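**Student:** quick one, fold the following:
(one chain, ligands or ions: 1)
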Amino acid sequence: MLNKLKDILEKFNTKINEIETLEQLEQIKQDFSGKDSPLIPILKSIKSASPEERQEVGKLANDVKIEISTKLNAKFDTFQKNILKEKLASEKIDVSLVGTDIKFGTKHPLNLVIEEISDIFTEIGYEMVDGQEVEQDLFNFQNLNLPIGHPARDMQDTFYINDEIVMRTHCTNMTARMLTELSKQKTNEKNLAAISYGNVYRRDDDDATHSHQFMQIDGFAVGQKVSFANLKWILKYMCQRLFNENVNIRLRPSFFPFTEPSVEVDVSCFKCEGKGCSLCKQSGWIEILGAGMINEQVMELNGLDPKTTTGLAFGIGVERIAMLKFGINNIRSFYENNVKFLDQFKFYGE
Ligand SMILES: [Zn+2]
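**Tutor:** Here you go, the predicted structure:
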């Protein structure tokens, strides 16, 4: 019986050393440790053996059983590790590979300027309004003190849709509309402050600084005691927020049909701090917008009483501000949709 046990172990050892697949291992497990194991008949026959033999055979049979089971487990372990290794190798991700870039769009520089200016004004109580680009002659011209045939209409070469409808030449059309709306309100005190923005159109030849379509921001505030001092304050406040807190402003008399008095507003050069540089053409000042007190005629034309209601107004060219702020020389860059150009504004304001 001892020899039989040794034979079994020897056979098992030979077989287990030869196996190559998991299936073969399963088979050996079945052959040597299952209910068909050759150890079973030997263990059964132990009962009839002498006590000495029983002890010796019993011990060896137990040792063989343990050895078989240990070796089988070890072999299964090795197979499992190999399987895992193969799986990992096949699913490996090379984190050092160059990834694919996700393209994000960027805000257009003109929108950045509009957002910045609208933030400045909405923070201090101005309403923000959009408006129609196709407008009645009435609101674009007549109610702004530019009656039909007025010579000042020539200042703005206009695209006419027909005799009564134009492509708006400025955002001031919204000022006329809002003043008219305000005049219909039943309150005695007429108070309103608003900013309108959007595209405007002029029959201009396009060049580096002119475009037939451009963007404006137009603002006004009307009330019982709105004064020229308020206008100066608001313009300086806006310039300091827009450029830097050290800039100053300078007002020069000018003419616009819808304001009286009218002023051109210069800001002290934010690049050279007034010393003179190429940006300010050595003058230390940069012209940035037009403004004034709303003309009494305009108040009356829109149904308001100029004796009780006064107002300030200003118009800003968005491209001009963007060109100054971002150092852009050609106005056409804004409309070409060149991704390389637009990408430069990716991190602005972050
Ligand atoms: Zn300068």
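**Student:** can you give me the buried ones in whatever helix or strand G58 lives in?
**Tutor:** If you go by DSSP states H and E, G58 is part of helix 51-90. For helix 51-90, the buried set under the neighbour-count rule, 16 or more other CB atoms under 10 Å, comprises 56-57, 60-61, 64-65, 68, 71-72, 75. Where C-beta positions appear, they are placed from N, C-alpha and C, glycine not excepted.
**Student:** average pLDDT across that helix?
**Tutor:** Helix 51-90 carries an average pLDDT of 86.
**Student:** one more: stretch 274-286?
**Tutor:** Stretch 274-286 comes out at a mean pLDDT of 90.
**Student:** please apply the same query to stretch 325-340.
**Tutor:** The pLDDT scores in stretch 325-340 average 89.
**Student:** can I get that stretch as PDB, trimmed to CA atoms?
**Tutor:** The C-alpha trace of stretch 325-340 is given here as PDB (Å, rounded to 0.1, in the frame of the first residue of the first chain):
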ATOM      1  CA  LYS A 325      -7.900  97.900 -24.500                       C
ATOM      2  CA  PHE A 326      -6.500  95.000 -26.500                       C
ATOM      3  CA  GLY A 327      -4.000  96.900 -28.700                       C
ATOM      4  CA  ILE A 328      -5.800  95.900 -32.000                       C
ATOM      5  CA  ASN A 329      -4.900  98.000 -35.100                       C
ATOM      6  CA  ASN A 330      -7.400  96.700 -37.600                       C
ATOM      7  CA  ILE A 331     -11.200  96.900 -37.000                       C
ATOM      8  CA  ARG A 332     -11.700  94.100 -39.600                       C
ATOM      9  CA  SER A 333     -10.000  91.600 -37.200                       C
ATOM     10  CA  PHE A 334     -13.300  91.700 -35.200                       C
ATOM     11  CA  TYR A 335     -15.400  90.400 -38.100                       C
ATOM     12  CA  GLU A 336     -13.000  87.800 -39.800                       C
ATOM     13  CA  ASN A 337     -13.700  85.100 -37.200                       C
ATOM     14  CA  ASN A 338     -10.000  84.000 -37.400                       C
ATOM     15  CA  VAL A 339      -9.700  81.500 -34.600                       C
ATOM     16  CA  LYS A 340      -6.100  82.400 -34.000                       C
END
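**Student:** so which bits of it are buried?
**Tutor:** Residues of stretch 325-340 classed as buried by neighbour count (16+ other CB under 10 Å): 325, 328, 331-334.
**Student:** re the thing from before, so which elements touch the helix holding G58?
**Tutor:** helix 2-18, helix 22-33, helix 39-45 (3 or more CB pairs under 8 Å, 6 or more residues apart in numbering; DSSP states H and E).
**Student:** quick one: that helix to helix 22-33, angle?
**Tutor:** 170 degrees (axes from the mean of the first three to the mean of the last three CA atoms, to 10 degrees).
**Student:** quick one: whichever helix or strand comes after helix 51-90 to chain centroid distance?
**Tutor:** The C-terminal neighbour of helix 51-90 among helices and strands, as given by DSSP H and E, is helix 109-123. Distance of helix 109-123 from the chain centroid (CA atoms, centre = their mean, to the nearest Å) equals 15 Å.
**Student:** go through helix 109-123 and flag the buried ones.
**Tutor:** 109-110, 112-114, 116-118, 120-121.
**Student:** hmm, who's touching that helix?
**Tutor:** 107, 128, 193, 195, 197, 215, 217, 219, 237-238, 241-242, 316, 318-319, 321-322, 325-326, 328, 334, 342, 345, 348-349 (CB atoms under 8 Å, 6 or more residues apart in numbering).
**Student:** check which helices and strands the helix or strand just after that helix is in contact with.
**Tutor:** Next along the chain after helix 109-123, taking DSSP H and E as the criterion, comes strand 127-129. When contacts are defined as 3+ CB pairs under 8 Å, 6+ apart, strand 127-129 sits against helix 109-123, strand 192-201.
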